[in-house]
Every structure is written in structure tokens, then in C-alpha cells.
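Enquirer: Turn this into a model:
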Amino acid sequence: MSLLKTKSALVLGLAGIGGLTATQTALADEAKPASRTTDKVGHLDVSVDDQSLRDAISLAESQGVQVFRDETRVRTGNGDQTKKHIKEAEDYYKERANSLTAVTNKYKADLATYNQKVKENEALAQAANAEVDAYRTNLSALGRNVTFTSKVYSDANKQSAVTTLKQAVKTGEQVRDTRAAIAEYESLQNSFVGFQTQADQGNIKVTRETITVKNASDLNKYRDEITASNQKLTEYVNSLSGTNGSVAEDKKPSFKLYTFVVDPTLLAEYNKPVEAPNFEVAPVERVAVPQFTYAFYDIRQTSDASNDIENKDGERLLSNRLPKTVEMFIKLW
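Expert: Model prediction:
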């Protein structure tokens, strides 16, 4: 106890030197444990390499990825805790960088696929429209009534349109060729003027029949028939001699002439408007812009040391408000 009193006296003397109050010079052996401070003063900012994440963020943003920063993750602790915090941050930065790189690469690949598909669809629509234009030109030349519509391109729509257009062209050509065959027959039949002449002179009988035809080939036999009839008429006229114009009714030979018309059903089909679509480019589903979040760490390392001052015997004496000279002296004492 005498030693403590000696120390106390010395401290009081030092307090006078340092200008301390009575409260500031409370003795360690008289202080109660509950009044001792365990406060830590300040912290040390700990840096963790996050460059890989920053690089991944820069690349992602340049490719159009939407990147959002969350609130900073603050971690405070002593040396051992700080090691864990550093490992936590390193693992997090690595995972975020790898994940963001994967998201960016996939988005870039998806965009490339999207753009390629758009180009392919544009090419398909362009080729289909060129094909339809060719049919449209042919149909106009055939006198068909062509209507314009708009359709989104698809293989099925194109195939359906081409099938319809091919049939429309075929029908147009059928009508055209049948009409041409009729005109050719009429020209041939009209060239054989002897039929009408001999009928007017009373030497022969002429009957007429109307025939409905659907194809040019239907007139082939009639051309052969009228040609043969004309030959027969010529031979008959040459044999008349003095009886020309006075042939008895029951002795007059009969010849048949024909009038041809295009089948009404075929004409009705021919007169129907033909749909020649203009194909629009098939839409491609746009790639959704990915969103990505990340955060940075703020790691703070604190000290395990107390603010209280102890002497060399480990006795806690005073707060750190003592002047430095006094503080040093006590620690040596």
C-alpha cells in the first residue's frame, strides 16, 4: 500500500506539472472497472483490387448492358475480421466480374444472331417480292385483273401465293390460247367463201352450230373438218356443170359451219381478281437488354488497443488526454 501511495503522490505531482484537474488524475487503483473506457479511435481504410470488375463494367456498358450500382457494402472490424472481409470482397468482385462478362458475351452473341436473322428475313422478303413481280407482269400481259395486298413473309405465305399466281397465269394462258385458236379457226372458215356463195346460189345447204370450248386443242378436229368440207365442196361445185343453181332440195348436200365460244366457267375464273401480295419483312423478336447490379466494398480495419494509458506494470491510469510528456513518463514508470 505504501508503494501505491508513492505512485499516487507522484501522479499528483505530475498532474500539477501538466495542469490536470483532480478528475483527470484519478488513480488507477481507485478507479472502478465499470468506469474504464474501451473505445477505439478511428480506423484504417483497406483497399481491395476491383479492377477486373471495373473493366467488366466498362465493357458491358459499351455493349449496351444496363449496369446499376447498389449501395456500398461497409465492413468494419479488427485485424482477423478484416481478413475475412477482404476475402469476402475478393470473392464477390471475382463472381460479379465473371457473371457480368458472361452476360455481356451472351448479349453480344444474341444481338449478332438477331441482326443476322433480320438480314435473312429482309433477303427472303425481297426475293419473294421479285418473284411475285414477275408473275404480276405476266398476269397483266394476259389481261388479268391483279390486286395488291400486303402480307408478312413466311414460307407458307409465299408458297400459297406462288401456287395461286401460277394457277392464275395458267388460266390466263388457257383463255388466251383458246381465244387465239377460235380466231384462227374463224379466219380459216371465213376464207372458205364457197360455202356462203353456193348456199346463196341454192346449190347447198349450210347449217351452223355453236360449240363451247375450254382449250385450244379442242378446235383441232374442227379445223380438220372444215378443211375437208371445203375440199368436198370444191369437188361438188366442179360436178354441177349445167345444174348450177337448179339443184333439187333433196339433192343439195349439207355443210356445217361452226361458231366457237370460250367456256363460261373458264371465263368466270379468268375474270376473278388475282391477289399478288407484297411481302413485308417478318419481324424478329428483339433481344431484351440485360440488367446487372453490383456494389463496391468499403473495408475499415479498427485497432484492438484501448484508449486508456497503462504504466509498465499494466495498470490502467489515465485517459489519453494527458500531455505527451506526462504520458511518456507514466509508461516508463
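
Enquirer: so how far does stretch 200-211 reach from one end to the other?
Expert: Start-to-end span of stretch 200-211 (CA to CA, to the nearest Å) is 24 Å.

Enquirer: model confidence over it, on average?
Expert: Mean pLDDT, stretch 200-211: 94.

Enquirer: Which positions in that stretch come out as buried?
Expert: 203-204 (16 or more other CB atoms under 10 Å). Quick note: C-beta positions are derived from backbone N, CA and C, even for glycine.

Enquirer: and it, how far from the chain's centre?
Expert: On the basis of CA atoms, centre = their mean, to the nearest Å, stretch 200-211 sits 74 Å off its chain's mean C-alpha point.

Enquirer: Need the residues that contact it.
Expert: Under the criterion CB atoms under 8 Å, 6 or more residues apart in numbering, residues 195-196, 198-199, 218, 222, 233, 236-237, 240, 244-247, 252-261 lie in contact with stretch 200-211.

Enquirer: Now the buried members of those.
Expert: If we count by 16+ other CB under 10 Å, the contacts of stretch 200-211 have these buried: 195, 198-199, 218, 222, 233, 236-237, 247, 252, 255, 257-258, 260.

Enquirer: Determine which two of those are furthest apart.
Expert: The most widely separated members of these are D218 and V247, with 34.0 Å between them, by CB to CB.

Enquirer: D45 pairs with what?
Expert: Beta-bridge partners recorded for D45 (DSSP bridges): R300.

Enquirer: Report the contact partners of it.
Expert: Counted by CB under 8 Å, 6+ apart, D45 has contacts 298-301.

Enquirer: Could you save these as a markdown table and add columns showing neighbour count, pLDDT and distance to A276?
Expert: A markdown table is the format used below for those (neighbours: other CB atoms under 10 Å; pLDDT from 0 to 100; distance: CB to CB, whole Å):
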| residue | neighbour count | pLDDT | distance to A276 |
| --- | --- | --- | --- |
| D298 | 15 | 97 | 69 |
| I299 | 21 | 97 | 72 |
| R300 | 16 | 97 | 76 |
| Q301 | 18 | 97 | 79 |
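
Enquirer: circling back: which of the contacts of stretch 200-211 fall within strands?
Expert: 254-261 (DSSP state E).

Enquirer: can you tell me which of these lies nearest to S52?
Expert: Nearest to S52 among those: V261, at 87.1 Å, using CB to CB.

Enquirer: and the closest one, what does it touch?
Expert: 182, 210-213.

Enquirer: From those residues, pick the one nearest N271.
Expert: Nearest to N271 among those, with distances taken as CB to CB, is T212, at 16.4 Å.

Enquirer: Go through the ones in strands among the contacts of stretch 200-211 and name the one nearest N190.
Expert: L257 (9.5 Å).

Enquirer: Which element, helix or strand, includes the closest residue to the closest one other than its chain neighbours?
Expert: By the measure of CB to CB, 6 or more residues apart in numbering, the closest residue to L257 outside its immediate chain neighbours is R208, 5.1 Å from it. Using DSSP states H and E, R208 maps to strand 205-213.
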